[in-house]
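Peer 1: Predicted model, plus sequence, below.
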Amino acid sequence: MKTLRDIKPGQSGRVIDITGCEDIKQKLYDLGIIPGVKVEVIQDAPFGGPIKLKVHDYCLALRKKEASCILVEEEK
Amino acid sequence: MKEIAVALVGNPNVGKSALLNAISGSDIKVGNWPGVTVEKLEATLTYKDYKIRFIDLPGIYSLRNQSAEEKITIDFLLKERPDVILNVVDATNLRRNLYLTFQLLELEIPMVISLNIWDEAVEKGIIIDYEKMSKLLCCPVVPTSAKNKTGINQLLEKILEIYESKKFVQCEHFESQIEEYLKKVIVLVKEYNPVLLDIYPKRYLAISLLEGSLKDSISPALEESLEKIRNEIKSLYKKDVKTFIVEERYGNVLSVYHQTVKKQQEDVVDSSITLDKIFLHRYLGLPIFLLLVWIVFEITFKVSSPYVEWLDKVLSVVSGWTLSLLSSINTNDLLKSFIAEGVLGGVGFVLTFIPVLFTLYVMIAILEGSGYIARAAFLMDRFFSSIGLSGKSFIPLLLGFGCNVPAVYATKTIENTREKILTTLMIPFMSCGARLTVFAFFVSVFFKNHGGLVIFSLYLIGIITAVIVALLLNKFHFKTQSEFFIMELPPYRLPTFRYILKNAWIRVKSFIVEAGTFIFAMSVLIWFLTNIPYGAKKDETILAKVSQKVAVIFEPLGFGTWEATASLFSGFVAKEVVLSTMGNIYVGEKIEEETKELSFQEGVKEIVVEFVDANINLLKNFMAVFGFVKVESEEEFNKSLADSIRSAFTPASAYSFLVFLLLYTPCLATVFAIKQELNSYKWMFISIAINFSSAWIMSFIVYRILTFYNF
């Protein structure tokens, strides 16, 4: 199964589920990242830093570690 | 006159404080919420026959009661029960913003929604049927723009209207099956824990109980029935209750969104995305960031310096006047010295920070208001995550090399409490400009041939110590290595000029009132220590007596003399005065500042002329930032002091002294800034303790190594 970490900048995926600790899950829910939502990876930071996403009408940054908690289905 | 309490609630970056600025005059008060580092803004407005008190609650994404911000908000809303909630919503980002709106409606407090940033929504071709939205949500919705000051009067009218009608209509929004379950929960509460109904609004209570997120203890019988309902929901919808309720709320959000919002063009090219292609570019992002930060640094300190000098001149004119006044009424020398040096000196010390802080707050407002600060965190995150910080710590730490005081105030851009405390405790180790003057003097005496290397090594020791302190605090105090990092990258926006200046002024005012009195009182105290008994020999003042007793603790560091100790005491007040105190103690002459006795007219003339000069210098410095002109630096060198110091220190003990001077408490103003920004005396004392102990340990190590190699 793919996670958001595997999605290359410029591509997007649809959230299937969120794994990992309850805190991260709730925080992502608060920000509108819930199953069924389309997430687009826009850019990544230099030296393996965070990645930039577009969700709904806004942009969000999270570390690669958090990105691997988000299970997605790749969209073309 | 009736009083109405209105709480502003909304997501971060929706322009809440800008809206508060637009609504009210200049009487906004800044403070902190009790016991936490989160900032509190308040303003009172007289409108028609009402006195409306606005309280700006911290920006939050949900009412989950997890983060400090969420706790403050939920506590305030439930315990203080404001008359009206003003829910500030970003009209360009409704799908996320309305999630909080639905949670706020669960609190059953009369509410008005401000569709803020309306101007931008119009620009982007987003059409919102706000009247329909008002019907769907059962509360008034008013389009506003804090930037253009539109919609403010309609907003106030709606607030009065809803206050007078005292009406709260709850539209039932969840799927009917869930609404049935919620009713059932209320029936259960009435049976087992009726007290809860007096404390909490019904709907909020029912949902929290069902989610299991209520912090109060409940009867086992109630818990048992709740668990049963949870299991029913789980088998019915194949989801746990928490997830299910979140999805229900989002379902409502999307339903309102689709019924009221039309975009003229789907997915117009977003300017923020384009700008980020440059500012967050893999290779260009960091160099651009470093360049911008360097400009911020230079402007903060260079733009303010002519005004610092000007205030200094004004003060010397004023003390000239005071002295002539005191002489004319035959005051004795002690009182004269007390007023001229103790009182006016203290005032002068506070004044010197004002231009720096004002410029800093302007810079922060630009960085924050434009949305760039989040980009800085994004770019620097990789480097700071290893010491348990995020990229937001970089700017405050860097400013520390100029002056620690504004650096501490710059931590207001860090929301996470742990990161903010850590960064604040690291700042005093960043060697500031004032310390450099002492280093430069010692280097010219002892290390002429390796000056650059010695100064560089001191800066490096400061940084290394800061990192060690951060790692130790993380390991033993906070006990978390890295928390998660999920941060919004708000769209780039231009903050208004009016907002920037007003914001800076409000904060400087709070510095003058709070830090000013403290610093002033302490400088007066220090004056007493150094001058009493008056006219006594230099080794018989209170300061000298105390230093003679304390000096022994510096023995292992190589400088256990009372003179060195007394210099360190004065350095606790400010590093700027270390050299003059040393001159005073070692040479025995007072390095007096010239105070001319001027007539009133001459004085006023001088103040005006100097002000014009300051503005010219400002322009010069401004150009110097961008490399157009070069500003000459002045160098002061006191020969007799150099001779005395050469015989009082060895190179090893001198270097050890410098390391100590670098690491121990930077100055009183920083100490108080830490208290003010972290809103706690506890952390202030911890900071002082950390500074002293690490200074002692590092100096000890350095001195032992140097003496071992026979320096």
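Peer 2: Structure's in. What do you need?
Peer 1: helices or strands up against the helix or strand containing B:Ile506?
Peer 2: Assessed by DSSP states H and E, B:Ile506 sits inside helix B:497-511. Using 3 or more Cβ pairs under 8 Å, 6 or more residues apart in numbering or on different chains; DSSP states H and E, the elements in contact with helix B:497-511 are helix B:16-23, strand B:29-32, helix B:344-370. C-beta here means a position set from N, CA and C on the backbone, and glycine is covered the same way.
Peer 1: Enumerate every residue touching the spatially most central residue of chain B.
Peer 2: Nearest residue to the geometric centre of chain B (Cα atoms, centre = their mean): B:Lys412, 2.4 Å. Residues near B:Lys412 by Cβ atoms under 8 Å, 6 or more residues apart in numbering or on different chains: B:39, B:364, B:677.
Peer 1: can you pick the most crowded of these?
Peer 2: Tallying neighbours with other Cβ atoms under 10 Å in any protein chain shown puts B:Ile364 at the head of these, with 25 neighbours.
Peer 1: Strands along the chain, start to end?
Peer 2: With no chain named, the answer covers chain A. A:2-3, A:12-18, A:38-44, A:51-55, A:58-62, A:70-75 (DSSP state E).
Peer 1: My question was about chain B, not that one.
Peer 2: Counting by DSSP E, the strands of chain B are B:2-10, B:29-32, B:39-47, B:50-56, B:84-90, B:111-116, B:126-128, B:141-143, B:261-263, B:486-489.
Peer 1: Could you tell me which residues of chain A lie near chain B?
Peer 2: A:23-24, A:26-32, A:34-35, A:42-50, A:52, A:54-63, A:65-66 (Cβ under 8 Å from any Cβ of the partner chain).
Peer 1: Mind giving me the PyMOL select for the residues you listed, buried ones only?
Peer 2: Selection of buried members from those for PyMOL, criterion 16 or more other Cβ atoms under 10 Å in any protein chain shown:
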select buried, chain A and resi 24+26+27+28+29+30+31+32+34+35+42+43+44+45+49+50+52+54+55+56+57+58+59+60+61+62+63+66
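Peer 1: burial of B:Val241, as a residue count?
Peer 2: B:Val241 has 22 neighbouring residues, counting by other Cβ under 10 Å.
Peer 1: I'd like the distance between it and chain A.
Peer 2: Distance of B:Val241 to chain A, given as Cβ to the nearest Cβ, to the nearest Å: 13 Å.
Peer 1: Next: B:Ile245.
Peer 2: Note on B:Ile245: its distance to chain A, by Cβ to the nearest Cβ, is 10 Å.
Peer 1: got the contact list for that residue?
Peer 2: B:174, B:178, B:207, B:210-211 are the contacts of B:Ile245 under Cβ under 8 Å, 6+ apart.
Peer 1: First-to-last residue distance for stretch B:170-183?
Peer 2: This stretch, stretch B:170-183, spans 14 Å end to end (Cα to Cα, to the nearest Å).
Peer 1: tell me, how many neighbours does the residue nearest to B:Ile288 when sequence neighbours are not counted end up with?
Peer 2: Counting by Cβ to Cβ, 6 or more residues apart in numbering or on different chains, B:Phe279 is the residue found nearest to B:Ile288 once chain neighbours are left out, at 6.2 Å. Neighbours of B:Phe279 under the rule other Cβ under 10 Å: 20.
Peer 1: Same question for B:Asn231.
Peer 2: B:Asn231, neighbours per other Cβ under 10 Å, totals 12.
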